[in-house]
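Enquirer: I need the structure of the sequence given here:
(one chain, ligands or ions: 1)
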Amino acid sequence: MKIATVIGARPQFIKAAVVSRAICEHNKHSGKKLAEVVIHTGQHYDSNMSAVFFSEMRIPEPSHNLAINGSNHGAMTGLMMQRLEEVFVREKPDVALVYGDTNSTLAGALTAAKLQIPVAHVEAGLRSFNFAMPEEVNRVVTDRLSTWLFCPSANAVDNLRAEGFFSGISAPGGGARIHKVGDVMCDAALFYRGLAKPSTRIESFIAGTPAGFYLATLHRAENTDDPNRLAGILKALDEIARTTPVVFPVHPRTKKMLSQAGLETKYLKITDPLGYFDIIALLGSCKGVFTDSGGLQKEAYFFARPCVTLRDETEWNELVEQGCNRLAGADYDRIIRAEMDISACKTAFPAGIYGQGDAGEKIIGILANGF
Ligand code: UD1
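Expert: Numbers count the residues shown, from 1 in each chain. This next block holds a predicted model:
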């Protein structure tokens with residue numbers, strides 16, 4: 001059986017690393033071998049947004065790099081589809097494996113569905129219920145086209161139920177096969193936390209801040225492309241950084257928008273984007289996280305760090321319900337109050353919300369048995 005893995009953006013490299021490792025483990029112990037062809041769309045291309053993850057996490061080198069990036073959504077998705085179609089026709093995979101909610105996910109799912117190649121979606125069932133987000137459009141369409149829907153949480157399964165996925169909705173391949181397998185990012189956090197070697201720069205930053213620090217990231221279009229939201233968040237983070245160091249690895253989109261908006265900060269410790277091992281090291285030592293990233297909200301939980309989400313809603317509602325995550329939007333006062341809250345109250349982190357760290361193994365077991 002041949003699996004075509006389609007990835008393109010930073011969080012997908014982390015997720016695919018887990019599943020690629022599960023494929024290798026499966027092949028060691030089973031007579032029924034699985035072949036994996038990794039296709040990198042090229043959506044993320046800077047070495048600190050892409051290559052660093054491949055080398056640190058030992059992801060198999062992509063067999064195909066389509067080098068498509070930087071254009072508008074329609075052009076980017078369309079170009080990806082055109083090139084993916086050529087690759088799928090040549091490689092003839094039995095299944096297309098796609099991750100998350102990016103334009104690369106959508107392009108992979110749409111192209112495969114049109115060629116009648118079954119789609120397996122890792123991180124199925126997540127919803128923000130906000131169609132202004134490109135990610136929501138990508139998720140909904142990808143789920144609808146998938147034969148295998150691998151859900152990370154009970155809420156994700158409920159979302160699919162509410163959309164009729166359990167009441168005979170037709171799906172490619174006969175019917176949707178929905179499995180709650182847990183979150184592959186939980187597997188990654190558990191596997192790499194003992195192995196990760198941070199850079200000396202990050203090691204010395206941590207050693208130099210014995211009283212603690214916060215980790216902040218920002219890249220969602222809804223925040224970066226709205227000057228008022230961007231200014232509100234930046235002002236609040238800078239105010240927090242006046243008394244507690246805030247390390248802020250800046251995504252290329254955010255860098256561009258900050259310079260266009262002429263926004264400057266005084267106290268934030270700004271760095272280029274960091275690799276996974278540096279992020280893990282920071283998560284292991286920080287007092288808390290401020291972010292609009294989906295992945296980092298969960299990673300904060302895996303490392304038992306309180307999180308303030310710089311959005312008005314989240315796909316990871318269970319973390320808000322459990323009190324591990326606070327929604328603060330882009331509002332200066334709400335962000336400042338949330339910081340006061342997390343520094344004053346002890347946050348509890350109930351175990352097991354996203355599984356036991358065996359999501360990759362389960363996904364591969366299900367796919368191998370499905371053929
Ligand atoms: C994309 C995903 C988002 C995901 C995020 C993870 C979509 C619609 N969005 O957002 O869901 O959370 O990745 O980071 O797919 N750029 C560089 N170097 C790079 C990568 C991007 O300079 O290595 C530039 C691009 O040229 C573009 C901007 O950054 O100008 C945004 O990149 P893009 O891939 O469009 O979306 P992200 O904001 O990264």
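Enquirer: I figured A132 hits E222, correct?
Expert: Yes - using Cβ atoms under 8 Å, A132 is in contact with E222, at 6.8 Å. Glycine gets a C-beta too; all of them are placed from N, C-alpha and C.
Enquirer: more neighbours: which of these two?
Expert: Using other Cβ atoms under 10 Å as the criterion, A132 and E222 rank with E222 on top: 18 against 9.
Enquirer: in space, what's closest to the more buried one - neighbours in sequence excluded?
Expert: The shortest distance from E222 to any residue other than its chain neighbours is 6.4 Å, reached at M133 (Cβ to Cβ, 6 or more residues apart in numbering).
Enquirer: which residues are in contact with that neighbour?
Expert: M133 makes contact with R220, A221, E222 under the criterion Cβ atoms under 8 Å, 6 or more residues apart in numbering.
Enquirer: just the pLDDT for it.
Expert: According to the prediction, M133 has pLDDT 94.
Enquirer: now S167
Expert: Predicted confidence (pLDDT) for S167: 80.
Enquirer: please apply the same query to E86.
Expert: With respect to pLDDT, E86 scores 98.
Enquirer: what's the local residue count around it?
Expert: For E86, using other Cβ under 10 Å, the count is 12.
Enquirer: look up how far P118 lies from it.
Expert: Going from E86 to P118 by Cβ to Cβ, to the nearest Å gives 19 Å.
Enquirer: find the residue closest to A16 in space, skipping its chain neighbours.
Expert: I7 (5.0 Å).
Enquirer: identify the bridge partners of that neighbour.
Expert: Beta bridges link I7 to H40, judged by DSSP bridges.
Enquirer: dump the residue contacts of it.
Expert: F13, K15, A16, V38, I39, H40, T41, P62, Y99, S104.
Enquirer: wait, which of these is closest to L110?
Expert: S104 (11.1 Å; Cβ to Cβ).
Enquirer: report the contact partners of the closest one.
Expert: V6, I7, G8, A9, Q12, T41, Q43, M80, V98.
Enquirer: go again with 6 Å.
Expert: Residues in contact with S104 (Cβ atoms under 6 Å, 6 or more residues apart in numbering) are G8, A9, T41, Q43.
Enquirer: would you check how far apart the last one and the ligand are?
Expert: Counting by Cβ to the nearest ligand atom, to the nearest Å, the gap between Q43 and the ligand amounts to 5 Å.
Enquirer: same check on the third one?
Expert: As defined by Cβ to the nearest ligand atom, T41 lies at a distance of 10 Å from the ligand.
Enquirer: surely that residue meets L66?
Expert: Yes - between T41 and L66 there is a contact at 5.0 Å, judged by Cβ atoms under 6 Å.
Enquirer: which one of the two has more residues nearby?
Expert: Neighbours per residue, other Cβ under 10 Å: of T41 and L66, the larger number sits with T41, 31 against 22.
Enquirer: what about the contacts of I7, which are in strands?
Expert: V38, I39, H40, Y99 (DSSP state E).
Enquirer: hmm, stretch 300-320 in reach of the ligand?
Expert: No - judged by Cβ under 6 Å from any ligand atom, stretch 300-320 makes no contact with the ligand; its nearest approach is 10.9 Å.
Enquirer: what do you get for stretch 176-192?
Expert: No - applying Cβ under 6 Å from any ligand atom, one finds stretch 176-192 separated from the ligand by no less than 12.6 Å.
Enquirer: just the buried members of the contacts of I7?
Expert: For those, a burial check counting by 16 or more other Cβ atoms under 10 Å picks out F13, K15, A16, V38, I39, H40, T41, P62, Y99, S104.
Enquirer: OK, contacts around the second one?
Expert: Neighbouring residues of K15 by Cβ under 6 Å, 6+ apart: Y99, V184.
Enquirer: so how far is A156 from it?
Expert: Applying Cβ to Cβ, the value for K15 to A156 is 15 Å.
Enquirer: kindly report the same for the first one.
Expert: In this structure, F13 lies at 21 Å from A156, with Cβ to Cβ as the measure.
Enquirer: can you give me the helices in the stretch 101-250 of the chain?
Expert: In the stretch 101-250 of the chain, the helices defined using DSSP state H, counting those that start in this stretch lie at 103-114, 134-145, 154-162, 184-192, 200-207, 221-224, 227-241.
Enquirer: element containing F349?
Expert: Here F349, judged by DSSP states H and E, is contained in no helix and no strand.
Enquirer: would you check that it makes contact with A304?
Expert: Yes - using Cβ under 6 Å, F349 is in contact with A304, at 4.5 Å.
Enquirer: pick out whichever of these two has more residues nearby.
Expert: Neighbours per residue (other Cβ under 10 Å) separate F349 from A304, with F349 holding more: 16 against 13.
Enquirer: tell me the predicted confidence for the closest residue in space to S50 that isn't next to it in sequence.
Expert: Once flanking residues are discounted, S50 sits nearest to H44: 4.8 Å by Cβ to Cβ, 6+ apart. Per-residue pLDDT puts H44 at 98.
Enquirer: can you tell me how far the residue nearest to N325 when sequence neighbours are not counted sits from the ligand?
Expert: Distances taken as Cβ to Cβ, 6+ apart place L319 nearest to N325, at 3.8 Å, with adjacent residues excluded. In this view, L319 and the ligand are 17 Å apart by Cβ to the nearest ligand atom.
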